[in-house]
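> This is a predicted model, with the sequence first.
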Amino acid sequence: MASLNPADLAAPTGAAVPVAPRVLAQGVVKSFGLTHALRGVDLQAAPGEYIALLGPSGCGKTTLLRVIAGFERPDEGSLQLEGRSMSGAQHHLPPEQRGLGMVFQSYALWPHMTVADNVGFALSLRKLPPAEQRRRVDEALAVVGLSDLASRQPAQLSGGQRQRVALARCLAMRPPVVLLDEPLANLDTHLREAMQHEFRRLNRELGATFIHVTHDHAEAMSLADRVVVMEDGLVRQDAAPEQLYREPSCRMVAEFVGGGMVLPVTVWADAGDGLTQAGLWGMACLLRGVADGRATATACFRPRDFSLEPVQLPGGTSVGLRCQVVDSAYRGGVYIATVRPDAEPQALLRVECTQRPVPGPARLTVRDGWLLPAA
Amino acid sequence: MQTVAPLARPSSFTGAAPRFSAEHALTAALLLWVLVLCAWPLARLFVEAFSAVPGQPFALFAEAWDSTRVWRAFRNTLAASAGATLVSMLLGTSVALLLGLTDVRARASAVFVFLLPLLIPPQILAMAWAELLGPGSAILAPLGLAPAPGTPNPLYSGTGVALVMGVEHSAVVFLAVRAAMRNLPRDLVEAARLAGASPLLVTRRILLPLLRPAMLAGAAVAFVSAIGNFGVPALLGIPGRFPMLTTLIYQRLNGFGPKVLGEVSVIGVLLVLLAAAGLGLRAWLVRRTGSIERGAPLQPFALGARRPWAEALLWLLLGFCCLLPLFALVAGSLVPAVGVPLNADTASLAHYRSVLGQSNVLRAFANSFMLAASAALACALVAVPFAYLATLRRVRAVRVLDAVADAPYAVPGIVLSIGVILVFLKPLPLLGVSLYGTLGIIFVAYLSRFLPLALRPAGAAFETLDRAVDEAAQMAGAGVLTRLRRVLLPLVAPSVAAGAILVFMTAFNELTVSALLWSTGAETLGVVVFMLHYEGNSPAASAVAVMSITVTLLLAIVMSLLARRLPPGTVPWQA
């Protein structure tokens, strides 16, 4: 596939402010009747940044995207693009005057136009000279590898091809911000991975800011520079993927991202260096994070934070919590054991093992864990 | 591990499948019903047209070809229908766009008002328009806008016929465009707006091209309706000396009786061919419409400061096209005598009293009520097993019958009447009496004509049912009649009732079918209104018309209340 000259597409602004964020949403509130879709959301995106909006359905992520696009007018709060106000208390710029690009989940290709007409529509509205229009359409189709299909109708394309046309249509405008509304939801696994690479590459090459709505945490983590986790109309955490995984801000993020287990612990002592000595069902463990004076707290554990030991070590000693291995499943390279601690028979824990665990009694030890901050 | 109870063994299967099941019997009964009532009259019409002169199948066609009378009616029909279609398309599309794409308020009321003409039979609509724009107009005269007294009514002309039919059928185009608009996902509009297109530009470059097939399909149906329309040409065209094919049939049969059956059959065949061409065009357009992926529905464009202007324009249009004619009709029934200005002092109910004292009016009310009620009941009863076998069981033969049953409603009503006369003029076999000249022949024609009105809602209801509901009852050992009565009928009852009400509403006021079939003692309401108007007693005709459409509107309200329990689209005028 052809590559683009970044300077060509990155919208050069007057650089009036030293580093105005490309997108700046502040205190955005939006309700639909009795449904509070956004309840005071802040979002900031730097030029060229790839941001994922992640959350379960109904969390408000799509509404936030549509506020940025201009389809929804916020009830409260403000939105700026490159330092210019788009929506505020007094005014609201309609979407057609914002110059943003968007890839829809349904692709939204206009069925009565050819591929080239779809891609060139925005350019024809901008009254560019025909030669320039043609050049930019060709260029955008080349970027997504569809130069041969310019004269096709959308109905004659496969799902992956339609996705690429939708992307090309959005890129031909050379938008400063590209909005992606669950763009990969309708593709099969193989195509999805190919398109993920494509999004990353274009983001790097074009310098446009990408804001990508998804409910798939793996997709968000692998694509984005920064992941904004939303729930119930609020931002729960806004952090780089690594931090999101290692240091979730609350139970919801811990459980939604990477399937963390959130368990109650007793705080024993501050161990210094941001570590805390704590007890899990009476067993001592060293956790990352600080208790801030709490006597009890909750901590997030991942399956790989636990390990299983035999009931009796050689020499008759034993370590860890008594537990029962209930079941196990092979997950490519490792086994995930389902374990029921004797101290808390209601709880079922998932433990990563390198060898197939034997059902029956065993002992559980803790290697790592993250003490969730005070709510 | 829990112990699992041993599986029950199926009892060994002994009997062979019955060669002739209850389902087969039902299918055979429906086959007989559709063949006798729906297929035979239309087939007989064609046979008559081609075989009235023995040995010369095209003799009557050649005669029609040479007849200036037929040519003139043919030209008039095409011209008036084309004009009406243009009016329908402009009016229906603009109202659909205004209501579907902008944030004007009171949309549900606007839709109801715009679809009012659907509830009012054409001859009454034509009368209402004639009252509104005629020299004696109770609405326009006080404003000094009515034509001078003594001058002919301007609507008694080809233009008048085209305008009134155009307004009447604009609802058809409106419904087609609105349905297509509901299927357009908002993404398509939003993608265009992000590309920089203003709402007006989105409408012109994206929406109108995507809606064009629906507009044309709606226009094709409006054209077919115009070609088969009898009420409007009868009320406006006959006094205006503007004969059309439907009124020509009426006048020939009325003047010369059964001996011209062959001649009018040829005109009937001509009408059927025109209607078939229109419907074929529509089917082609519908097939050609590519499937668009579904998505969230369109969001209306905010008009901002221009909204009051748009609303004023909309209600001016609706008020003039849909409400004023009805006011004029009511006013016309309250005027003590033609030409007397209407005010609080002169308004009188004398015409209501007078028509209710006439035996033929009272008889017509009783006849139409009986005919409509029994046709509604019979059609609903037939529709349940019919739709069950066609939709839920997907019995091939019944699906074919379903298409055949549509024909009597698709062809012009007056053409169906010719076929019914041809079939039932002769004494019935075995009984030795003829239905001709009795209410019986009108009843038979209603059964044929209005079955599709009952079939569509029933089919829609079965479409939403899970087949497993029926199959579970079958597993429980219920035979087909038991399942229909105890399981399926309760589930589809609201839709079947809606279909029955639709049949009643349409049959109660209709004129097109009974115009050729009535006889003294066997008049329908539509015929009485037509005759009173024809005799020049328009206040009395208006009074009967007001009473009869009151019944229809009350039923429409009942059905609107029922609408929440019906599959979407069952109630045609629902917003």
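Received it, and whenever you're ready, just let me know what you need.

> Please identify the buried residues of stretch B:108-117?
Applying a neighbour-count criterion of 16 or more other C-beta atoms under 10 Å in any protein chain shown, one finds B:110-117 buried in stretch B:108-117. C-beta here means a position set from N, CA and C on the backbone, and glycine is covered the same way.

> Can you add secondary structure, pLDDT and distance to residue A:237 and give those back as CSV?
Converted to CSV, the buried residues of stretch B:108-117 look like this (DSSP: H, G, I helix; E, B strand; the rest coil; pLDDT from 0 to 100; distance: C-beta to C-beta, whole Å):
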residue, secondary structure, pLDDT, distance to residue A:237
B:110, helix, 92, 48
B:111, helix, 91, 47
B:112, helix, 88, 51
B:113, helix, 91, 53
B:114, helix, 92, 52
B:115, helix, 90, 53
B:116, helix, 88, 57
B:117, helix, 86, 59
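
> Just to be sure, residue B:515 is in a helix?
Yes: applying DSSP: H, G, I helix; E, B strand; the rest coil, one finds residue B:515 inside a helix.

> Any figure for the gap between it and chain A?
Look at residue B:515 and chain A: by C-beta to the nearest C-beta, to the nearest Å, they are 45 Å apart.

> what sits up against stretch A:246-254?
A:229, A:231, A:236-237, A:239, A:244, A:257, A:260, A:262, A:288-289, A:298, A:300, A:370, A:372-373, A:375 (C-beta atoms under 8 Å, 6 or more residues apart in numbering or on different chains).

> For residue B:228, which non-adjacent residue is spatially closest?
Closest residue to residue B:228 apart from its sequence neighbours, by C-beta to C-beta, 6 or more residues apart in numbering or on different chains: residue B:412 at 2.8 Å.

> if we can go back for a sec, can the buried residues of stretch B:108-117 go into CSV with extra columns for distance to residue B:123?
Listed next are those as CSV, based on distance: C-beta to C-beta, whole Å:
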residue, distance to residue B:123
B:110, 26
B:111, 24
B:112, 22
B:113, 21
B:114, 21
B:115, 19
B:116, 16
B:117, 12
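
> Which two among the residues you listed are spaced furthest apart?
Spatial extent of the buried residues of stretch B:108-117 (C-beta to C-beta) is set by the pair B:110 and B:117 at 13.8 Å.

> Give the buried subset of the contacts of stretch A:246-254 as a ChimeraX selection command.
To isolate the buried subset of the contacts of stretch A:246-254 in ChimeraX, counting by 16+ other C-beta under 10 Å, use the following:
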select /A:229,231,236,237,239,244,257,260,262,288,289,298,300,370,372,373
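
> Just the ones of the contacts of stretch A:246-254 in helices?
Judged by DSSP state H, helices contain the following of the contacts of stretch A:246-254: residue A:244.

> tell me which parts of chain A are close to chain B?
Neighbours of chain B within chain A, by C-beta under 8 Å from any C-beta of the partner chain: A:69-71, A:94-102, A:104-108, A:110-112, A:121-122, A:125-126, A:155, A:169, A:173.

> Those residues in strands, which ones?
Among those, the residues falling in strands (DSSP state E) are A:101-102.

> Among the residues of chain A next to chain B, which lie within helices?
A:69, A:121-122, A:125, A:169.

> Mind putting those residues into JSON lines with distance to residue B:21?
Formatted as JSON lines, those follow (distance: C-beta to C-beta, whole Å):
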{"residue": "A:69", "distance to residue B:21": "60"}
{"residue": "A:121", "distance to residue B:21": "59"}
{"residue": "A:122", "distance to residue B:21": "63"}
{"residue": "A:125", "distance to residue B:21": "64"}
{"residue": "A:169", "distance to residue B:21": "57"}
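
> closest to chain B among those?
Closest approach to chain B among these (C-beta to the nearest C-beta): residue A:122, at 3.5 Å.

> Any idea how many residues pack against that closest one?
26 (other C-beta atoms under 10 Å in any protein chain shown).

> try residue B:349
So residue B:349, with other C-beta under 10 Å, has 11 neighbours.

> so it touches residue B:334, yeah?
Yes: look at residue B:349 against residue B:334 with C-beta atoms under 8 Å: they come within range, at 7.3 Å.

> pLDDT wise, what is residue 335 at?
If you meant another chain, say so; for now it's chain A. pLDDT recorded at residue A:335 is 94.

> wait, I meant chain B there
Confidence score, pLDDT, at residue B:335: 83.

> can you pull out the strands in the stretch 251-400 of chain B?
For the stretch 251-400 of chain B, no strands are identified by DSSP state E, counting those that start in this stretch.

> For residue A:309, give me the backbone phi and psi.
When read as degrees, to the nearest 10, the backbone of residue A:309 gives phi -120, psi 160.

> Apart from its neighbours in sequence, what residue is nearest it?
The nearest residue in space to residue A:309 (C-beta to C-beta, 6+ apart) is residue A:363, at 4.5 Å.

> Specify the local secondary structure of the one you found.
Taken by three-state DSSP, the conformation at residue A:363 corresponds to strand.

> ok, the residue of the stretch 301-450 of chain B found nearest chain A - how many residues close by?
Of all residues in the stretch 301-450 of chain B, residue B:302 sits closest to chain A, at 8.7 Å by C-beta to the nearest C-beta. For residue B:302, the neighbour count with other C-beta under 10 Å is 13.

> Kindly report the same for the one 10 residues further on.
By the measure other C-beta under 10 Å, the count of residues near residue B:312 is 11.

> what's the answer for residue B:256, then?
12.

> Look up how far residue B:247 lies from it.
Applying C-beta to C-beta, to the nearest Å, the value for residue B:256 to residue B:247 is 15 Å.

> One more: residue A:372?
Relative to residue B:247, residue A:372 is positioned 85 Å away (C-beta to C-beta).

> What of residue A:125?
Using C-beta to C-beta, residue A:125 is found at 52 Å from residue B:247.

> Which one's more surrounded, these two?
A direct count of neighbours by other C-beta under 10 Å for residue A:125 and residue B:247 places residue B:247 higher, at 26 against 17.

> My reading is that the more buried one lies in a helix. Confirm?
Yes: counting by three-state DSSP, residue B:247 falls inside a helix.

> Could I get the contacting residues of the closest residue to it other than its chain neighbours?
Using C-beta to C-beta, 6+ apart and skipping residues adjacent in sequence, the residue nearest residue B:247 is residue B:233, 4.7 Å away. By C-beta under 8 Å, 6+ apart, the contact set of residue B:233 is B:80, B:161, B:242-244, B:246-247.

> Which two of those have the greatest separation?
It's B:242 and B:246 that sit farthest apart of the contacts of residue B:233, by C-beta to C-beta, at 11.9 Å.

> More neighbours: these two, which one.
residue B:246 (28 against 22).

> give the contact list for the closest residue to the more buried one other than its chain neighbours.
Counting by C-beta to C-beta, 6+ apart, residue B:230 is the residue found nearest to residue B:246 once chain neighbours are left out, at 4.4 Å. Residues counted as contacts of residue B:230 (C-beta under 8 Å, 6+ apart) are B:122-123, B:246-247, B:250, B:412-414, B:511-512, B:515.

> Okay, residue B:230 and chain A: tell me how far apart.
Distance from residue B:230 to chain A, by C-beta to the nearest C-beta: 39 Å.

> Tell me the spacing between the nearest residue to residue B:336 once chain neighbours are set aside and residue B:565.
What sits nearest to residue B:336 in space, not counting adjacent residues and going by C-beta to C-beta, 6+ apart, is residue B:348, at 5.0 Å. Using C-beta to C-beta, one obtains 43 Å as the distance from residue B:348 to residue B:565.

> Show me which of these two is the more surrounded one.
More neighbours surround residue B:348 than the other of residue B:348 and residue B:565, with 16 against 12 (other C-beta under 10 Å).
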